[in-house]
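J.: okay, sequence plus prediction incoming.
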Amino acid sequence: MLPFGRGSEDQRRVLGVGGMKAVPYAQEKEHKMGQAGSSLDHAVLRLVPDMFADIWPTPVVLTTRRVSCQSPAPQSPGGRRQDRRTGGFQNRPKFLKVFVNPASHKKEAYEIYKDEVAPLFQLADIKTDVTISERKGHVLSVLRESNLDEYDGVVVVGGDGSVAEVVHGLLLRAQMDAGRDTDSIFTPVRTPLPLGVIPAGSTDIVACSVHGIRHPATGAMHIIMGNHQNVDVCSFSSFGRLLRFGFSAMFGFGGQTLALAERNRWMPPGQRREFAVIKTLANLKPEDCELSYLPAKTETLDPVKNEPTENENVIGESWSTTQGLFLNISIMAIPCLCSMAPRGLAPNTSSVSFSIQRNRIYFSFSFVETHTVQAVKLRPRTQSSWSDDVLEDNRENESKNPPIISSEETYPWNVDGDLLEAPLELLIRVHPHLLTLYGVEVEEAEEPHIKCSCI
Ligand SMILES: Nc1ncnc2c1ncn2[C@@H]1O[C@H](COP(=O)(O)OP(=O)(O)OP(=O)(O)O)[C@@H](O)[C@H]1O
């Protein structure tokens with residue numbers, strides 16, 4: 001099986017249009033059909049840089065999960081897709097609900113949609129119903145209240161935060177339609193609508209992970225051709241209460257940096273991000289946590305079907321628990337490819353080392369471990385080091401800023417680039433193949449050409 005982030009030179013080519021790398025669809029399809037399945041990684045990582053090894057000599061944990069991924073075509077209610085003229089492409093949509101976030105990145109999302117995507121949909125005879133989001137949360141309320149039966153798919157034009165909002169909305173809606181209580185933990189049902197992602201944000205990790213490239217027209221072509229890829233989604237819950245769905249999360253450095261950036265929203269975005277990274281690094285303190293994880297069921301290759309099969313008996317359902325000081329813990333349900341880490345932040349590897357690529361140089365950190373997990377539970381054991389900084393800041397700016405920490409202490413998590421202030425204990429469960437995205441399995445993202453802010 002060819003995992004994400006690996007493959008021969010030939011296999012690393014991505015499907016592109018409009019002057020970008022262009023591989024004929026048939027050739028790409030043939031290549032994909034040659035694979036036994038794709039892989040998705042789930043990672044929990046605990047970073048203790050070498051320079052701090054004397055101070056925090058604890059070992060490090062990084063967790064990944066490998067899941068086979070075949071893509072049966074989801075059916076819209078009533079099986080209406082089968083009645084359509086699909087021009088040879090079985091999953092080709094005819095009517096799409098489109099959400100555009102005009103505030104994404106450089107505020108160009110609407111222009112990108114109008115100039116680069118809408119004309120392609122028109123050529124392909126695809127009808128659209130477009131909503132320009134007016135504020136954070138607007139998309140969520142539209143997805144809750146609209147009749148979605150008439151659509152073949154949903155499209156989001158924006159960055160990772162916008163994608164996360166639509167994913168959360170679609171999955172909440174699916175639970176509501178299935179009569180589930182969305183306030184509590186449950187085994188979620190799939191959403192019947194595939195989601196297309198048109199990158200228009202500053203990082204676009206989800207688009208890079210399913211298209212291999214940040215290129216709106218490539219995203220549009222995957223939608224038009226009805227290329228489907230099933231992806232895993234995480235649920236985040238605390239003390240039995242569902243908080244949200246998402247693809248990735250960071251606690252420690254990643255959460256603290258975002259929290260600091262959010263507290264300084266008055267700065268321009270680039271400056272805010274750099275300020276937050278530098279200040280967090282300068283005050284970097286590890287979090288003292290109890291981390292438990294449920295190892296994933298192992299996979300072996302079925303010799304007859306040449307497909308990965310889960311071996312339920314090898315690892316039982318027993319939680320592994322570790323305690324100690326963690327600089328960063330990341331959980332990833334998608335490979336998290338981006339221009340700065342073209343092979344992904346969650347490399348699909350059984351090795352205990354984790355590497356990120358910067359300008360073609362690889363760093364293998366001995367202080368990062370990877371594990372394959374189905375679920376992770378994190379419980380900080382002391383007051384967050386982040387709250388010390390908040391209190392210090394608040395003392396400095398007491399007259400300007402109201403206190404942020406309430407009597408009930410929360411801990412900052414970076415969930416798909418959004419700040420989630422979670423209570424003491426957070427349970428993250430991986431739900432295999434919960435969502436279908438328009439796209440294909442990609443081996444590697446485009447070479448870095450734009451500054452990326454994923455870490
Ligand atoms: N009209 C709006 N005004 C302000 N914010 C909005 C609006 N519509 C949506 N949002 C919110 O903006 C947030 C960030 O958007 P998005 O992720 O698309 O852009 P970005 O942060 O520039 O990109 P990336 O996440 O890739 O870094 C999302 O959480 C979304 O809910």
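T.: Nice, I can see it.
J.: ok, the residue in the stretch 351-455 of the chain that the ligand sits nearest to - how many residues close by?
T.: Nearest residue of the stretch 351-455 of the chain to the ligand (CB to the nearest ligand atom) works out as Gly417 at 4.2 Å. Where you see a C-beta, it was placed from the backbone N, CA and C, and this is true even at glycine. Using other CB atoms under 10 Å, Gly417 has 23 neighbouring residues.
J.: need the phi and psi values for it.
T.: Main-chain torsions, Gly417, degrees, to the nearest 10: phi 80, psi 0.
J.: now Val206
T.: The phi/psi pair for Val206 (degrees, to the nearest 10) reads phi -70, psi -40.
J.: which residues touch the closest residue to it other than its chain neighbours?
T.: Among residues not flanking Val206 along the chain, Val163 sits closest, at 4.7 Å (CB to CB, 6 or more residues apart in numbering). By CB atoms under 8 Å, 6 or more residues apart in numbering, the residues touching Val163 are Val156, Leu195, Val197, Val206, Ala207, Asp416.
J.: hmm, which two among these are most spread apart?
T.: Greatest spacing in these, by CB to CB: Leu195 and Asp416 (13.4 Å).
J.: tell me the contacts of Ala109?
T.: By CB under 8 Å, 6+ apart, the residues touching Ala109 are Val100, Asn101, Pro102, Ala103, Val157, Gly158, Ala200.
J.: need phi/psi at the nearest residue to the second one once chain neighbours are set aside.
T.: The shortest distance from Asn101 to any non-neighbouring residue, by CB to CB, 6+ apart, is to Gly158 (3.5 Å). Reported as degrees, to the nearest 10, the phi and psi values for Gly158 are phi 170, psi -160.
J.: how much space separates Gly158 from Lys107?
T.: Note on Gly158: its distance to Lys107, by CB to CB, to the nearest Å, is 11 Å.
J.: quick one, which of these two is more surrounded?
T.: Set Gly158 next to Lys107 and count neighbours by other CB under 10 Å: Gly158 wins out with 29 against 11.
J.: count of neighbours near Ala333?
T.: Around Ala333 there are 28 residues (other CB under 10 Å).
J.: quick revisit: buried subset of the contacts of Val163, written for ChimeraX?
T.: The buried residues among those can be selected in ChimeraX (16 or more other CB atoms under 10 Å) with this line:
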select :156,195,197,206,207,416
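J.: by residue count, what's the longest strand in this protein?
T.: In the chain, ranked by residue count with DSSP state E as the criterion, the top strand is strand 426-438.
J.: could you say what helices and strands it packs with?
T.: Packed against strand 426-438 by the contact rule (3 or more CB pairs under 8 Å, 6 or more residues apart in numbering; DSSP states H and E) you find helix 160-177, strand 195-199, helix 205-211, helix 216-225, strand 228-238, strand 373-380.
J.: 7 Å instead?
T.: Under the contact definition 3 or more CB pairs under 7 Å, 6 or more residues apart in numbering; DSSP states H and E, strand 426-438 sits against helix 160-177, strand 195-199, strand 228-238, strand 373-380.
J.: what is the mean pLDDT for that strand?
T.: Mean per-residue pLDDT for strand 426-438: 92.
J.: again with stretch 141-151
T.: Stretch 141-151 comes out at a mean pLDDT of 95.
J.: now stretch 165-181: mean pLDDT?
T.: Here the average pLDDT along stretch 165-181 is 92.
J.: got a list of contacts for that stretch?
T.: 99, 139-140, 143-144, 148, 154, 156, 182, 186, 188-191, 193, 195, 233, 244-245, 434-435 (CB atoms under 7 Å, 6 or more residues apart in numbering).
J.: and the nearest residue in space to Phe253 that is not next to it in sequence, how far is that from Ile205?
T.: Nearest residue to Phe253, sequence neighbours excluded (CB to CB, 6+ apart): Asn328, at 4.2 Å. Relative to Ile205, Asn328 is positioned 16 Å away (CB to CB).
J.: those two: who's more crowded?
T.: Counted by other CB under 10 Å, Asn328 and Ile205 do not tie: Ile205 has more neighbours, with 30 against 25.
J.: pretty sure the more buried one is touching Asp160, no?
T.: Yes: here Ile205 lies in contact with Asp160, judged by CB atoms under 7 Å, at a distance of 5.4 Å.
J.: name the nearest residue to the closest residue to the ligand within the stretch 51-200 of the chain, ignoring sequence neighbours.
T.: Residue of the stretch 51-200 of the chain nearest the ligand, by CB to the nearest ligand atom: Gly159 (2.1 Å). Leaving aside its chain neighbours, Gly159 sits nearest to Gly201 (1.6 Å; criterion: CB to CB, 6+ apart).
J.: just checking, that neighbour touches Ser104?
T.: Yes: the pair Gly201 / Ser104 is scored as a contact, 4.9 Å apart, by CB under 7 Å.
J.: quick check: neighbours shared by these two?
T.: Residues touching both Gly201 and Ser104 (CB under 7 Å, 6+ apart) are Gly158, Gly159, Ser162.
J.: which bits of this structure sit near the ligand?
T.: 101-105, 133-136, 158-162, 165, 201-204, 417-418 (CB under 6 Å from any ligand atom).
J.: go with 8 Å
T.: 101-105, 109, 132-139, 158-165, 199-205, 269, 416-418, 453 (CB under 8 Å from any ligand atom).
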